[in-house]
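A.B. asks: Show me how the following folds:
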Amino acid sequence: MYNGPEQGHHFLHHLEDELSDKKINCDFAIAAPFVTLPFIMPHDHGSKKGLDLDLAAQNFHYEKEGAFTGEVSLPMLEQLGIRYGIIGHSERRQYFNETDHTVNLKLKACLNSSIIPIMAFGESLKEFEDNKTISVIERQLKEGLAGIKKGQIERVILAYEPIWAIGTGKTATAKQAQDTIKKARGIIAELFDKSIASKIRIQYGGSVKPENIKELMEQEDIDGALVGGASLDVKSFVKLLTYDQN
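C.D. replies: Below you'll find the predicted structure:
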């Protein structure tokens with residue numbers, strides 16, 4: 001919950017300036033608050049350099065419309081041209097009663113839209129300390145992906161987010177993140193098949209910053225990052241996008 005329309009608009013133009021002489025070798029998107037999304041569309045807001053920027057929603061409702069005051073639907077996001085939608089972020093689970101069941105409902109709804117789902121999963125600090133990480137992520141993946149067909153799963157991006165590393169400054173070591181994501185990939189292989197498991201994109205999220213991005217991205221099973229605080233500053237964000245060039 002950072003950066004309203006005014007700050008988002010400023011961020012966009014600052015980002016354009018910073019990227020004007022750089023080559024980006026990765027896919028990336030900005031998941032801004034709902035009110036900010038319309039203000040960071042380059043072609044609608046005087047993009048000087050034609051920045052190719054994908055946008056993501058931090059959350060959405062699984063129903064297309066209805067008496068759900070305060071909620072935002074997938075068709076609304078489609079009208080904005082949003083490319084990705086985050087489902088089950090650890091803060092949504094921790095503070096806003098998101099459950100494996102609602103994650104599953106949102107995932108199914110998203111797969112019936114043009115928006116690409118990013119489904120988050122991860123354990124709490126107590127679960128981590130009690131050595132329950134694998135059983136927790138296995139439950140979250142199985143229940144979150146229940147009823148999803150082989151032909152659909154390849155559209156899903158997964159994001160491992162240990163709750164104990166979100167906004168705390170604590171970060172899973174690269175080896176911890178790799179080991180857990182490798183296990184998650186094995187669970188996907190069991191639920192679907194090895195070919196799908198090898199193709200599906202699994203990100204790591206949890207206090208990712210310019211100082212640790214390179215080591216994380218060097219891990220065999222980590223395909224990207226879901227970044228929080230380190231993406232709020234333009235220069236920091238650019239360092240993340242160009243980690244392979246430093």
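A.B. asks: CA only for contacts and neighbour counts going forward, please
C.D. replies: Will do.
A.B. asks: mind listing what's buried in the longest helix anywhere in the chain?
C.D. replies: Looking across the chain with DSSP state H, the single longest helix is helix 174-191. Neighbour counts over helix 174-191 (16 or more other Cα atoms under 10 Å) mark 174, 177-188, 191 as buried.
A.B. asks: now, among those residues, which is nearest to residue 98?
C.D. replies: Set against residue 98, the nearest of those by Cα to Cα is residue 184 (20.4 Å).
A.B. asks: Distance of that closest one relative to residue 191?
C.D. replies: Using Cα to Cα, to the nearest Å, residue 184 is found at 11 Å from residue 191.
A.B. asks: Give me the residues contacting the least confident helix or strand in the chain by mean pLDDT.
C.D. replies: Here the helix or strand of the chain ranked lowest by mean pLDDT, DSSP states H and E is helix 125-129, holding a mean of 88. Helix 125-129 is contacted from outside by 133, 136, 162, 163, 164, using Cα atoms under 8 Å, 6 or more residues apart in numbering.
A.B. asks: Identify the farthest-apart pair in those residues.
C.D. replies: Checking the contacts of helix 125-129 with Cα to Cα, the most distant pair is 136 and 164, at 13.6 Å.
A.B. asks: Please enumerate the shared neighbours of those two.
C.D. replies: Going by Cα under 8 Å, 6+ apart, residues that sit against residue 136 and also against residue 164 are residue 123.
A.B. asks: quick one on the thing from earlier: in helices, which of the contacts of helix 125-129 fall?
C.D. replies: 133, 136.
A.B. asks: Ranking by neighbours, what's the top pick from the contacts of helix 125-129?
C.D. replies: residue 162 (27 neighbours; other Cα atoms under 10 Å).
A.B. asks: Next one, pLDDT for the closest residue to that residue other than its chain neighbours please.
C.D. replies: Excluding the flanking residues, the one nearest residue 162 by Cα to Cα, 6 or more residues apart in numbering is residue 122, at 4.5 Å. For residue 122, the model assigns a pLDDT of 96.
A.B. asks: how close does residue 122 sit to residue 158?
C.D. replies: Distance of residue 122 to residue 158, given as Cα to Cα: 11 Å.
A.B. asks: So between those two, which is more surrounded?
C.D. replies: Neighbour count, other Cα under 10 Å: between residue 122 and residue 158, residue 122 has more, with 29 against 25.
A.B. asks: pretty sure the more buried one contacts residue 91?
C.D. replies: No: Residue 122 is beyond contact range of residue 91, at 10.8 Å (criterion: Cα atoms under 8 Å).
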